[in-house]
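Chemist: could you look at this predicted model? Sequence included:
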Amino acid sequence: MPFKSREARLEYAKEYYNTNKTFHLKKAKENHQTEKGKQSHRISQWKYAGMVSDDWEAVYKWYNETNNCEFCSVELIKGKGGGNQKHLDHNHETGEVRHILCGKCNVAFTDKRRTKEEAELHKKEKVKCDCGSLITRQHLPRHIKESKIHQKKMKALEEIKNNMPSI
């Protein structure tokens, strides 16, 4: 449909979108539920944040397969909020992707006033485990795997899971 001016074309596009808004939002929501849609959305967010890569699919695969912070080894969680949320660290000047870190390590590395020594102290910072023990961040994953308390919890959860009727 030829338009006489750019403004006329933009006005038509705006009117078309508003007329078909629910359809477009439904399609976008459906797309974000698929694996390819999730990947596309995540990569778009990274690009919008100024990150640069030659192989976005490899970065996405690396991001999905990483379960622990590359610096302090704390287990990473998906979702919003918390110091253990997964972050793709990058150089803000060049856009180069560097690491996959927890929120606390990501802040420690981006704050230029912080030194490598302070980052090492963060790595040795003690956090409280669910069992009540104080453990350094870097040793928490090993503690959870090897602790008898956690092994008993895991066995109990496994038994409950096995005894539940299937639906």
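Modeler: Great, that's in hand. Numbering: from 1, shown residues only.
Chemist: secondary structure element holding the residue nearest to Tyr60 when sequence neighbours are not counted?
Modeler: Nearest residue to Tyr60 in three dimensions, chain neighbours excluded: Gln39, at 5.3 Å (C-beta to C-beta, 6 or more residues apart in numbering). For every residue, glycine as well, the C-beta is placed using N, CA and C. Using DSSP states H and E, Gln39 falls within helix 35-48.
Chemist: now do that helix: which elements does it pack against?
Modeler: helix 21-33, helix 56-65 (3 or more C-beta pairs under 8 Å, 6 or more residues apart in numbering; DSSP states H and E).
Chemist: got CSV for the ones you listed, with mean neighbour count too?
Modeler: As requested, these are exported to CSV (neighbours: other C-beta atoms under 10 Å):
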stretch, mean neighbour count
helix 21-33, 10
helix 56-65, 14
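Chemist: for Phe71, find the nearest of the ones you listed.
Modeler: Among the helices and strands packed on helix 35-48, the nearest to Phe71 by C-beta to C-beta is helix 56-65 (15.4 Å).
Chemist: outside of that closest one, which residues touch it?
Modeler: Helix 56-65 is contacted from outside by 39, 42-43, 46, 53, 86, 88, 97, 100, using C-beta atoms under 8 Å, 6 or more residues apart in numbering.
Chemist: quick one, phi psi at Val97?
Modeler: Backbone torsions for Val97, taken as degrees, to the nearest 10, come to phi -70, psi 130.
Chemist: give the contact list for it.
Modeler: Val97 makes contacts with 46, 51-53, 59, 88-90, as judged by C-beta under 8 Å, 6+ apart.
Chemist: how about 10 Å then?
Modeler: Val97 sits next to 46, 51-53, 56, 58-59, 62-63, 88-91 when contact means C-beta atoms under 10 Å, 6 or more residues apart in numbering.
Chemist: which of the contacts of helix 56-65 lies closest to Glu15?
Modeler: Ile43 (30.6 Å).
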